[in-house]
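Engineer: sequence unavailable; structure follows:
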């Protein structure tokens with residue numbers, strides 16, 4: 001009984017690495033968005049109509065926000081074709097990160 005209790009209370013290497021990966025998935029896009037806001041605010045101001053959408057995306061869907069702003073700046077200030085596929089993949093990544101965080 002004592003060994004079962006210890007194994008459930010201690011985090012193993014796999015759990016620690018999983019938590020670190022999840023923390024990175026939630027932190028890195030926000031850091032990049034903040035970097036864009038400081039260095040080149042045109043990227044964020046041009047991609048989004050208002051600050052509320054950018055802040056909401058920063059808080060709730062950081063990968064999607066980053067992908068949309070990046071794809072908007074790559075093309076001629078619009079989204080078209082395969083650029084939406086990148087935004088869709090980012091949305092799936094956000095959904096996965098939030099579902100993993102919930103567990």
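Structural biologist: That came through fine. Model, not experiment: these values are computed from the prediction.

Engineer: distance of residue 39 from residue 13?
Structural biologist: 37 Å (C-beta to C-beta, to the nearest Å). The way it works is simple: take the backbone N, C-alpha and C, and place the C-beta from them, glycine included.

Engineer: got the confidence number for residue 34?
Structural biologist: Looking at residue 34, its pLDDT reads 90.

Engineer: list the contacts for residue 47?
Structural biologist: Residue 47 is in contact with 54, 68, 69, 72, 73, counting by C-beta atoms under 8 Å, 6 or more residues apart in numbering.

Engineer: give me the number of residues near the second one?
Structural biologist: Pointing back at residue 68 there. Neighbours of residue 68 under the rule other C-beta atoms under 10 Å: 23.

Engineer: name the element the residue nearest to it when sequence neighbours are not counted belongs to?
Structural biologist: With C-beta to C-beta, 6 or more residues apart in numbering as the criterion, residue 68 has its nearest non-adjacent residue at 5.2 Å, and that residue is residue 87. According to DSSP states H and E, residue 87 maps onto helix 83-102.

Engineer: can you give me the end-to-end distance of stretch 40-53?
Structural biologist: 18 Å (C-alpha to C-alpha, to the nearest Å).

Engineer: of the contacts of residue 47, grab the buried ones for ChimeraX.
Structural biologist: Restricted to buried positions by 16 or more other C-beta atoms under 10 Å, the ChimeraX selection for the contacts of residue 47 reads:
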select :54,68,69,72,73
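
Engineer: which of the contacts of residue 47 fall in helices?
Structural biologist: 54, 68, 69, 72, 73 (DSSP state H).

Engineer: the first one reaches residue 48, doesn't it?
Structural biologist: Yes. With contact defined as C-beta atoms under 8 Å, residue 54 and residue 48 form a contacting pair (4.5 Å).
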